[in-house]
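[1] below: sequence and its predicted model.
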Amino acid sequence: MEPSTIRRHIANVCKAFGFSNIEGEHYSYREELVDLFAQHRSELVHPQLVGQGKSAIEFPGSPLTLKSPLYVERPPIEKQCLQEIRKPGGLVRIRAPQHMGKTSLLHRILAGANEMNFATVRLNLRQAEAAVLTDLDTFLRWFCINLIRKLNLSVQIEDYWDSDRFGSLVSCTTSFQFCLLEQLHQNLVLGLDEVDWLFEFPQIAQGFFALLRSWHEEANNLQVWQRLRLVVAHSTEVYLPLNLNQSPFNVGLPIRLSELTIDQIQQLAKHYGWNGSAAAIQQIVAMVGGHPYLLQLAFYHLQQGMTLEELLRTAPTQAGIYRDHLRRHWQVLQNYLELQIALDRVIANEPQGTSLDPILAYRLESSGLARLDGNQVRLSCELYRRYFSDRS
């Protein structure tokens, strides 16, 4: 049998069992199929494959697939997001520090939109390279062409793009309407991930964000623009000087992903197959707080056989499970002296907190190292205090 035929059969089996990727995902569901058949039709599974499925918990760090048992719902957030994208011209704004679950939530919103028979497309703006970010016109062309390709549309934006006569913003709007919305004949949910990457390029960000706001408002005027629903994910507060009437960050449904609750943390521990006591979980929370990624790393290693005593003792050291995570933060600070000085100031003023320059405060919050409590900046967790105190 030809490999292409085998792949087609496997794809059909995956589809039959509900294993499918949303637009932008490229996950293999081979392990899920192995587990499923091993449980119900073991005679169809090669003996060498038994026990090699998803029962081996995946290492934390990547966005969770739609079928992942490790995803912890945060009601009523998921329901609220789906209700918002049902609305003509709906807009959802997801804000949370790094590794808090923004992309995993975005995947689930797009999957829910697919079930409503909406077209969906996700674009990670961090994929925009330096050559794309030289000027607004180049970036907007890249933006439109990317979406057209992801949606498999056979149209050319050159037929509608005339920045010399009409400007880049009008050209982009015209191209988006006629090359995407008019071609699809159905509602389109556009998920924009890592939007704060553009904050580093204000000459592009200001025009692009004003464009998103104008598209959102066009739903009040033109029926075709009612088909567009936006989901915007970013890591920090917007510190660009945007005109309030031209910003997409003060309209729509705001979603703030906070730390997991104790109940959610206990649920996550069970998902990892670790049956620690409530007291043991409290010890972990005392070290890393309710940060999903840090908790996932802890439960993964505990499930693999590491003792709680060893995990906590070595956590803030180069021998601990967080060494790579902490080293990455340290490298960023080494390259950004102002941010390092700001973090040292936060550490010196724990637990009361301190005030910082807004941009430095937002950068620390975006990284997950600190949290904002009004005008006060405080460390996110004990892990960071111990690790960075030894390096200040």
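    That came through, no problem.

[2] any idea which helix or strand of the protein has the worst average confidence?
    Among the helical and strand segments of the chain, the one scoring lowest on mean pLDDT, DSSP states H and E is helix 30-40, with a mean of 58.

[3] counting neighbours, which bits of the next helix or strand after that helix end up buried?
    Tracing the chain past helix 30-40, the next element assigned as helix or strand by DSSP states H and E is helix 77-86. Across helix 77-86, burial judged by 16 or more other CB atoms under 10 Å covers 77-78, 81-82, 84-85. Quick note: C-beta positions are derived from backbone N, CA and C, even for glycine.

[4] now do stretch 239-251
    Those would be 239, 242, 247-249, 251, for stretch 239-251 by 16+ other CB under 10 Å.

[5] ok, so of the buried residues of helix 77-86, who is nearest residue 135?
    residue 85 (31.7 Å; CB to CB).

[6] what bits of the chain have low per-residue confidence?
    1-7, 11-12, 14-43, 45-56, 392 (pLDDT under 70).

[7] one more time with 50, if that's ok
    22-27, 39, 51-55 (pLDDT under 50).

[8] separation between the residue nearest the centre of it and residue 280?
    For the chain, the residue nearest the mean C-alpha position is residue 103 (2.2 Å; CA atoms, centre = their mean). Here the criterion is CB to CB, to the nearest Å. By it, residue 103 lies 29 Å from residue 280.

[9] show me where the stretch 51-200 of the chain has strands.
    Taking DSSP state E, counting those that start in this stretch, the strands of the stretch 51-200 of the chain run over residues 91-95, 119-124, 188-193.

[10] neighbouring strands of the last one in the sheet, and parallel or not?
    With DSSP bridges as the test, strand 188-193 is paired with strand 119-124 (parallel), strand 228-234 (parallel).

[11] now the shortest one
    Taking DSSP bridges as the criterion, strand 91-95 pairs within the sheet with strand 228-234 (parallel), strand 253-256 (parallel).

[12] winner for burial among those strands?
    Ranked by mean neighbour count, these are led by strand 228-234 with a mean of 24 (mean count of other CB atoms under 10 Å).

[13] now distance to residue 146 too, for the buried residues of helix 77-86, in JSON lines please.
    Formatted as JSON lines, these follow (distance: CB to CB, whole Å):
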{"residue": "77", "distance to residue 146": "28"}
{"residue": "78", "distance to residue 146": "27"}
{"residue": "81", "distance to residue 146": "23"}
{"residue": "82", "distance to residue 146": "25"}
{"residue": "84", "distance to residue 146": "24"}
{"residue": "85", "distance to residue 146": "21"}
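
[14] nearest to residue 94 among these?
    residue 81 (7.9 Å).

[15] still on that earlier bit, which among the buried residues of stretch 239-251 gets closest to residue 346?
    residue 239 (17.5 Å).

[16] if I've got this straight, the closest one is in a helix?
    No - going by DSSP: H, G, I helix; E, B strand; the rest coil, the assignment for residue 239 is coil, not a helix.

[17] hmm, it is touching residue 362, no?
    Yes - the pair residue 239 and residue 362 passes the contact test of CB atoms under 8 Å, sitting 5.0 Å apart.

[18] how much space separates residue 176 from residue 135?
    19 Å.

[19] which one's more surrounded, these two?
    Applying other CB atoms under 10 Å to residue 176 and residue 135 shows that residue 176 carries more neighbours, namely 24 against 13.

[20] could you find the closest non-adjacent residue to the more buried one?
    Nearest non-adjacent residue to residue 176, counting by CB to CB, 6 or more residues apart in numbering: residue 144, 6.2 Å away.

[21] my read is that the one you found contacts residue 172, right?
    Yes - between residue 144 and residue 172 a contact is recorded at 6.2 Å, counting by CB under 8 Å.

[22] report the buried residues of the one helix or strand residue 213 maps to.
    Remark: residue 213 resides in helix 202-218, with elements defined by DSSP H and E. Within helix 202-218, the residues that count as buried by 16+ other CB under 10 Å are 204-213, 215-216, 218.
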